[in-house]
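[1] mind looking at a prediction? Sequence and model below.
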Amino acid sequence: MNAQAKTQTPITQKHIDFYQENGFVQVDNMLTPEELAELRGYLEEAMQTESDRSKSTDKKDGSYYRVLNQKVNLWRDHAGMGKYSFHPRFAQSAMKLSGASGMRFFHDHGLWKMPGDSKATPWHQDTPYWPINEADAGMMSIWITLDDVNEDNGCMAFVPKSHKLGKLTGIDLANPQNIFDFVEGGQSAERKPVIVPLKAGSCTFHNGLTFHYAHANVTDKPRRVLAIIFMPDGITYNGKEHLVTDGAGLTAGQPITGPRFPLLAKTDV
Ligand code: SIN
Ligand code: NI
């Protein structure tokens, strides 16, 4: 057994079964109180740093900023963020849930929902935004909240089993289409969302194909989230432009590998 395989995760068979069936799962207390305090400090610092390596996706007066104050690749400018974005507990947890035999890092991002004219994150799937060939890639996100979240400050909602609907179109998050228009039967009764309030330090995992949404933040404080995207080892690059893969020396059709995309978890076999 290698060192990483011994990493303790809070993932139980119940979590795995729920994730496989529904395409998302809630995992409480992913962070200890000490880790939560440390990560809050690091994330506050990292969100202030702007460079070519860690990038905000919109300006403060932009329409997407009202949906999300998003900064991608925090680890590239902040070693403290590296500690958390590459934390083996998170990658091991993702690997156990997905059933993959190896899990690579794709990217991290701070996802802050700012107070003041806040907009909901519209229903969408994540997979259509990624520069990969595989339609059902098993890629997934961990969404760790550093604040208690509920329907007033931007907690998430998921449509159970929607990861089985296949890859649809990428929704424009600032000017959204209705994703339910793209599936037969629309928003039928069996596509009823599950709203997931969480305590700070807890998280959800969701499959890149799962329909998800986040409420607007009508409070007077930011909702601070760190999300990390993992990909099963072997996922291939499709050659398209993307903030995360640009300049990484990847070749279209080849597996995404290299120093920006480390293999963080691996089974023994
Ligand atoms: C959000 O944090 O508001 C949305 C997260 C996601 O789309 O994965
Ligand atoms: Ni998303």
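    Okay, I see it. Residues are numbered from 1 along each chain as shown. Ligands and ions are numbered 1, 2, ... in the order given.

[2] please count neighbours and contacts with C-alpha atoms only from this point.
    Noted.

[3] can you report phi and psi for residue 206?
    Phi and psi for residue 206, reported as degrees, to the nearest 10, are phi -140, psi 140.

[4] not counting sequence-adjacent ones, nearest residue to it?
    residue 24 (4.2 Å; Cα to Cα, 6 or more residues apart in numbering).

[5] does that neighbour really touch residue 207, like I thought?
    Yes - Residue 24 is in contact with residue 207 according to Cα atoms under 8 Å; the separation is 6.2 Å.

[6] part of a strand, is residue 106?
    Yes - using DSSP: H, G, I helix; E, B strand; the rest coil, the assignment for residue 106 is a strand.

[7] does it really touch residue 261, like I thought?
    Yes - at 5.6 Å, residue 106 counts as touching residue 261 under the criterion of Cα under 8 Å.

[8] need the three-state assignment for residue 123.
    strand.

[9] so it makes contact with residue 182?
    No - Residue 123 is beyond contact range of residue 182, at 11.6 Å (criterion: Cα under 8 Å).

[10] more crowded one of the two?
    residue 123 (22 against 12; other Cα atoms under 10 Å).

[11] can you tell me which residues contact the nearest residue to that one once chain neighbours are set aside?
    Among residues not flanking residue 123 along the chain, residue 213 sits closest, at 4.6 Å (Cα to Cα, 6+ apart). Counting by Cα atoms under 8 Å, 6 or more residues apart in numbering, residue 213 makes contact with 120, 121, 122, 123, 124, 156, 157, 158.

[12] want to throw those residues into TSV with distance to ligand 1 and pLDDT?
    Shown next, in TSV, are the contacts of residue 213 (distance: Cα to the nearest ligand atom, whole Å; pLDDT from 0 to 100):
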residue	distance to ligand 1	pLDDT
120	7	98
121	5	98
122	8	98
123	8	98
124	7	98
156	7	98
157	9	98
158	10	98
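
[13] from those, which would you call buried?
    The neighbour-count test (16 or more other Cα atoms under 10 Å) marks 120, 121, 122, 123, 124, 156, 157, 158 as buried among these.

[14] for the first one, which non-adjacent residue is spatially closest?
    Which is residue 120. Closest residue to residue 120 apart from its sequence neighbours, by Cα to Cα, 6+ apart: residue 216 at 4.0 Å.

[15] quick one: the one you found and residue 122 touch, right?
    No - counting by Cα under 8 Å, residue 216 does not reach residue 122; the two are 9.6 Å apart.

[16] once you drop chain neighbours, what's closest to whichever residue of the stretch 151-269 of the chain sits closest to ligand 1?
    When scored by Cα to the nearest ligand atom, the stretch 151-269 of the chain has residue 214 as its residue closest to ligand 1, at 4.6 Å. Leaving out its chain neighbours, the residue that sits closest to residue 214 by Cα to Cα, 6+ apart is residue 156, at 4.3 Å.

[17] show me what that neighbour is bridged to.
    residue 196, residue 214 (DSSP bridges).

[18] who in the chain is up against ligand 1?
    111, 121, 214 (Cα under 6 Å from any ligand atom).

[19] so the last one makes contact with residue 154?
    Yes - here residue 214 reaches residue 154: they are 5.2 Å apart, a contact under Cα under 8 Å.

[20] need the residues touching each of these two.
    Common neighbours of residue 214 and residue 154 (Cα under 8 Å, 6+ apart) are residue 120.

[21] between the two, tell me which one has more neighbours.
    The neighbour comparison of residue 214 against residue 154 (other Cα under 10 Å) goes to residue 154, with 28 against 22.

[22] any figure for the gap between the more buried one and residue 40?
    Shown here: residue 154 relative to residue 40, a distance of 17 Å by Cα to Cα, to the nearest Å.

[23] how about the residue nearest to residue 206, what does it touch?
    Per Cα under 8 Å, 6+ apart, neighbours of residue 24: 18, 158, 160, 204, 205, 206, 207, 210.

[24] how about residue 262?
    So residue 262 contacts 104, 105 (Cα under 8 Å, 6+ apart).

[25] and the helices in the stretch 51-200 of the chain, which stretches?
    Assigned by DSSP state H, counting those that start in this stretch, the stretch 51-200 of the chain shows helices spanning 63-67, 79-85, 88-98.
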